[in-house]
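K.L.:
Any chance you can model this:
(2 chains)
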Number of protein chains: 2
Amino acid sequence: MGKKLTKRSEDYSKWYNELVVKADLAENSAVRGCMVIKPYGYAIWEKMQAELDKKFKETGHQNAYFPLFVPKSLFEAEEKNAEGFAKECAVVTHYRLKTDPNDATKLIVDPNAKLEEELIVRPTSEAIIWSTYKGWIQSYRDLPLLINQWANVVRWEMRTRLFLRTAEFLWQEGHTAHATKAEAVAETTQMNNVYADFLEDFMAIPVIKGRKTESERFAGADDTYCIEALMQDGKALQAGTSHFLGQNFAKAFDVRFTNKEGKQEYVWATSWGVSTRLMGALIMTHSDDHGLVLPPNLAPIQVVIVPIYKGEEQLEAITVVANELVTQLRAQGVTVKFDNRDTHRPGAKFAQYELQGVPLRIAIGPKDLEKGTVELARRDTLTKQFVAKDEVISVVENLLVQIQKDLHDKATSYRNTHITLVDTFEEFKKVLEDKGGFISAHWDGTNETEEKIKELTKATIRCIPFDAKEEAGTCVYSGNPSSIRVLFAKAY
Amino acid sequence: MGKKLTKRSEDYSKWYNELVVKADLAENSAVRGCMVIKPYGYAIWEKMQAELDKKFKETGHQNAYFPLFVPKSLFEAEEKNAEGFAKECAVVTHYRLKTDPNDATKLIVDPNAKLEEELIVRPTSEAIIWSTYKGWIQSYRDLPLLINQWANVVRWEMRTRLFLRTAEFLWQEGHTAHATKAEAVAETTQMNNVYADFLEDFMAIPVIKGRKTESERFAGADDTYCIEALMQDGKALQAGTSHFLGQNFAKAFDVRFTNKEGKQEYVWATSWGVSTRLMGALIMTHSDDHGLVLPPNLAPIQVVIVPIYKGEEQLEAITVVANELVTQLRAQGVTVKFDNRDTHRPGAKFAQYELQGVPLRIAIGPKDLEKGTVELARRDTLTKQFVAKDEVISVVENLLVQIQKDLHDKATSYRNTHITLVDTFEEFKKVLEDKGGFISAHWDGTNETEEKIKELTKATIRCIPFDAKEEAGTCVYSGNPSSIRVLFAKAY
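P.N.:
Numbers count the residues shown, from 1 in each chain, chains lettered A, B, ... in the order given. As a prediction, this is how the structure comes out:
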């Protein structure tokens, strides 16, 4: 398999699929719709996890772990939630295999080991968690309960794509319980903001914060907040959601508490999550035709040093300089790799690190030794410069900060030029086809219009932005009055 | 539910079950045999994970993630492995639910959504991983492949106990591929040593390293190394295993590589794992009738400060001192909590932290303010001392080190006095009943004798210790010649 990628302009979807595999991020597995996350991809996910986990703990949350399986009777307790996920549930029905009587080398499901009640592999954990919270919450003193779980979940999707939509994926799901509605709403907002800050500051991905329409809400929620990002092909990607669940799960699982006045009340709930889907957002925000581009914050290797040499003697002299740089960079907290493999030529190494998005590459050859310089290349801009050896450390440190900022600026600029105000349906369709991106348009607030627009254009309402201004207007489709613009887009 | 625990001498098993629940470590869930790991228990597990993960990475391993499900045809490919786990497999047979035609509030499994091939919820991941490695390994340059996975696994156990034996548990599983047998054996040894060092140094649990007999080997392994710990009730607990898998999985999944001479060879394999079972080992090594005792390395809270006060004014004065200590201790990397809740009395707080095993408790009352002292209590010894305020930081730092060491010494001393050399079967049975612990005895090396001893006494061979000396003797049961003593015990 060659390393050359399909160009984005030729076939964006193909480019994405090739990049994920060739950059060693993930691949399809023997299990329909389930992926293998390869070490390099997983190392990026670990960096996301570490930063998010820190943010969750700083906002007072603790981690816990709840069962993978949900008994069917619990699963169906909250009707809207159950209805929303029923069509994509993997179901465990048996607990034993036995030798096939017709072929001793094969196994078959043992019909005598049928479960009395089927178990659903969790597509989300509200049901199992709220059935547990019932035992944990008696009084207002037990509230708030601020818990997060890192876990795998399964949603049996028919059309899957690596990271973006897989039958099994990894995620975190926060599940909190509160004494008052106001507190639960504040938590919903807080966690949506935590996600937004994480994407902006850590992943260098600009996002728009807003509220989902009723039809796009999480099944079982009273309100869903979200962060929406824009990919390079003009399609939107929902990167994280934070749900205000009202008292729906408390009522379904009878979770009440005694308030300060001694009266029984139902508990208020939130849940919020981000998943390995963020890997897709990362790839489709920054990468280019040469491969992955990583913001330094997420790069498993921030700087790679490649020696250019002929013979042992040159390699030894270069190694002395390289080791010095490695020591100094590590002391500054920079992740650096000296790639002295003699099985690969420098050109092959350059191509590999370009494909894998290592932010900075340092090449050292015999001429550099003479001159006391190194060649420093930026992955994001593909530019090179010669840097005096003594200045390498400070230049690298500054560049890592600069690249992080530049990637954010570039993505923000792209996103901002792809929010188009539109006032007629003809223009709506034209912008959607020719330019893509977000379309800011008036909507009459009805499900019918939303559905009709989706049917005609494949665009959905990504969110009602929190920062949208009240503005008198008429619905882009129905012509009925509207007081606010919402954001439409085609989406992943 | 009262906080008082059953005494260990009365009913060790009951004490354990109560402790796990009352110390907020875990509880049974609505799903048969599956546990909920509560935040406090999970925080301890996270500390284990962090340290192990560091050790794995230091020894060159990378994390990755493989699917939860194993298609039946892959699962049965390595016959011994399949046979070993077939009886405890949760099986997914359907991928959709639908509304019950007889009751619109209920869901039933949709018979039209039957999978063509059943999926096994992984009880261990050799099969899915080796079917993947086939695509990753072509040449000796691709080796060694050193990969670890943090994951949940499911083994449908009939009798379950929190942490010790649950249908679903959390673990890590390392899966490595090597070009030579010698390298794979060295990896098997290395990882068994990593586990041993982790238990000894970090968990303060002494272990015996050795090899399993054939009948106790992992299904599909050529050799299983293990670390065995001794619990306070005289029963052994297998705390970790490291398997040399030979070429069994390489052959089952046809994973070959081209060696340096250009010839095709099958790859050599290892796998190794520890699980949330370690929580059980931790509890049953150090804890006492008052509750959990934690080595400082694993304590989510190492020091708790409890104010003893009447009225706001006293609390304020104490808070000044407490905050100073908190700041200074945190600067030294000590995890400290100032518990100023006004909803609980000091006595209740003392009881809670005792139950939860916080290593050091500092109490500060008005008299302490006058004298410039604090009261410092050790959880492990239940001893108290007054310490001058200026000396608190250094005393705490020293004590945390001391407690870690003392717990290890105490457990080692108990373990060492519970290894009994036995030469007759009468004595064997007597020691097993009266004293418990490990019995060091000669064994003739046959499955039959091992099986017979197990049948008659419930003791199994825990391991053939690596440090056992060659010594002429006769089997404690059959009287046949033996050249080495092995360790028997009843086990968890």
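K.L.:
Nearest residue to A:Ala23 in space, please, no chain neighbours.
P.N.:
By the measure of C-beta to C-beta, 6 or more residues apart in numbering or on different chains, the closest residue to A:Ala23 outside its immediate chain neighbours is A:Leu292, 4.6 Å from it. Yep, even glycine has a C-beta here, placed from its N, CA and C like the rest.
K.L.:
now the end-to-end length of stretch A:113-127.
P.N.:
Start to finish, the residues bounding stretch A:113-127 are 25 Å apart (C-alpha to C-alpha, to the nearest Å).
K.L.:
cool, and stretch A:470-488?
P.N.:
As for stretch A:470-488, its first-to-last residue distance stands at 17 Å under the measure C-alpha to C-alpha.
K.L.:
do stretch A:337-354 as well
P.N.:
Taking C-alpha to C-alpha, stretch A:337-354 runs 14 Å from one end to the other.
K.L.:
what pLDDT, on average, does it get?
P.N.:
Stretch A:337-354 shows an average pLDDT of 96 in the prediction.
K.L.:
And it, how far out from the chain middle?
P.N.:
On the basis of C-alpha atoms, centre = their mean, to the nearest Å, the separation between the geometric centre of stretch A:337-354 and that of its chain is 30 Å.
K.L.:
likewise stretch A:334-352?
P.N.:
For stretch A:334-352, the gap between its own C-alpha mean and the chain's C-alpha mean amounts to 29 Å (C-alpha atoms, centre = their mean).
K.L.:
Skipping its backbone neighbours, what lies nearest A:Gly473 in space?
P.N.:
Nearest in space to A:Gly473, with sequence neighbours left out and distances taken as C-beta to C-beta, 6+ apart, is A:His442 at 3.9 Å.
K.L.:
ditto for A:Glu157
P.N.:
Among residues not flanking A:Glu157 along the chain, A:Arg165 sits closest, at 5.3 Å (C-beta to C-beta, 6+ apart).
K.L.:
Pull the number of nearby residues for the residue nearest to A:Ala23.
P.N.:
When neighbours are counted by other C-beta atoms under 10 Å in any protein chain shown, A:Leu292 registers 27.
K.L.:
Could you double-check that it sits in contact with A:Glu18?
P.N.:
No. A:Leu292 lies out of contact with A:Glu18 (C-beta atoms under 8 Å); the separation is 11.3 Å.
K.L.:
Quick check: which element contains A:Leu52?
P.N.:
helix A:39-58 (DSSP states H and E).
K.L.:
Now do that helix and helix B:39-58, the angle between them.
P.N.:
Following axes from the mean of the first three to the mean of the last three C-alpha atoms, to 10 degrees, one obtains 150 degrees for the angle between helix A:39-58 and helix B:39-58.
K.L.:
Name the residues that touch helix A:39-58?
P.N.:
Taking contacts as C-beta atoms under 8 Å, 6 or more residues apart in numbering or on different chains, the residues outside helix A:39-58 that touch it are A:20, A:23-26, A:37, A:63, A:148, A:150, A:170, A:172, A:174, A:194, A:197-198, A:202-203, A:274, A:276, A:278-279, A:282, A:294, A:297-300, A:356, B:62-65, B:147.
K.L.:
which residues sit in contact with the nearest residue in space to A:Cys475 that is not next to it in sequence?
P.N.:
Closest residue to A:Cys475 apart from its sequence neighbours, by C-beta to C-beta, 6+ apart: A:Asp444 at 3.7 Å. Taking C-beta under 8 Å, 6+ apart, we find A:Asp444 in contact with A:Cys475, A:Tyr477, A:Ser478, A:Asn480, A:Pro481, A:Ser482.
K.L.:
So which of those residues belong to strands?
P.N.:
When these are checked against strands using DSSP state E, the ones located there are A:Pro481, A:Ser482.
K.L.:
Widest-spaced pair of the contacts of A:Asp444?
P.N.:
Farthest apart among the contacts of A:Asp444 by C-beta to C-beta are A:Tyr477 and A:Pro481. That separation is 12.9 Å.
K.L.:
Please say which of those two ends up with more neighbours.
P.N.:
Comparing A:Tyr477 with A:Pro481 by other C-beta under 10 Å, the one with more neighbours is A:Tyr477, at 21 against 12.
K.L.:
Residue of the stretch 151-300 of chain A closest to chain B, please.
P.N.:
The stretch 151-300 of chain A approaches chain B most closely through A:Trp156 (4.2 Å), counting by C-beta to the nearest C-beta.
K.L.:
From A:Cys34, how far out is that residue?
P.N.:
Look at A:Trp156 and A:Cys34: by C-beta to C-beta, to the nearest Å, they are 10 Å apart.
K.L.:
In which helix or strand does the residue nearest to A:Cys475 reside?
P.N.:
Per DSSP H and E, A:Asp444 falls between elements, in no helix or strand.
K.L.:
for the one 4 residues further on, same thing?
P.N.:
A:Glu448 is part of helix A:447-457, with elements assigned from DSSP H and E.
K.L.:
Quick check, A:Thr270 in contact with A:Gly174.
P.N.:
Yes. At 7.2 Å, A:Thr270 counts as touching A:Gly174 under the criterion of C-beta under 8 Å.
K.L.:
overlap in contacts of those two?
P.N.:
Here A:Thr270 and A:Gly174 have A:Met191 as joint contacts, going by C-beta under 8 Å, 6+ apart.
K.L.:
Next, count neighbours for A:Ile5.
P.N.:
Actually, residue A:5 is Leu rather than Ile. Taking other C-beta under 10 Å as the criterion, the count of residues near A:Leu5 is 22.
K.L.:
all strands of the stretch 301-450 of chain A, in order?
P.N.:
Listed in chain order, the strands of the stretch 301-450 of chain A (DSSP state E, counting those that start in this stretch) span residues A:303-307, A:336-338, A:360-364, A:373-378, A:384-388, A:419-421, A:438-442.
K.L.:
that older thread, backbone dihedrals for the residue nearest to A:Cys475, both of them.
P.N.:
Dihedral angles phi and psi of A:Asp444 (degrees, to the nearest 10) take the values phi -80, psi 0.
K.L.:
what about the residue in the stretch 301-450 of chain A that chain B sits nearest to, distance to B:Gln402?
P.N.:
For the stretch 301-450 of chain A, the residue closest to chain B is A:Thr343, as judged by C-beta to the nearest C-beta, at 5.9 Å. As defined by C-beta to C-beta, A:Thr343 lies at a distance of 51 Å from B:Gln402.
K.L.:
try A:Ala468
P.N.:
Applying C-beta to C-beta, one obtains 61 Å for the distance of A:Ala468 from B:Gln402.
K.L.:
More neighbours: which of the two?
P.N.:
A side-by-side neighbour count of A:Ala468 and B:Gln402, using other C-beta under 10 Å, places A:Ala468 first with 17 against 14.
K.L.:
Spit out the contact partners of the more buried one.
P.N.:
With contact taken as C-beta under 8 Å, 6+ apart, A:Ala468 is in contact with A:Gly210, A:Ile484, A:Arg485, A:Val486.
K.L.:
leaving aside the residues next to it on the chain, what's closest to the second one?
P.N.:
Spelled out, it's A:Ile484. Leaving aside its sequence neighbours, A:Ile484 sits nearest to A:Ala468 (C-beta to C-beta, 6+ apart; 5.1 Å).
K.L.:
circling back to that earlier point, so what's in contact with A:Trp156 and A:Cys34 at the same time?
P.N.:
Between them, A:Trp156 and A:Cys34 have A:Ala167 as joint contacts when contacts are counted by C-beta under 8 Å, 6+ apart.
K.L.:
one step back: mind checking which of the strands of the stretch 301-450 of chain A is nearest A:Phe257?
P.N.:
Using C-beta to C-beta as the criterion, the shortest distance between A:Phe257 and those is 41.7 Å, found for strand A:438-442.
K.L.:
Show me where the stretch 251-400 of chain A dips below the pLDDT cut-off.
P.N.:
Residues of the stretch 251-400 of chain A meeting the criterion pLDDT under 70: none.
K.L.:
Noted, bye for now.
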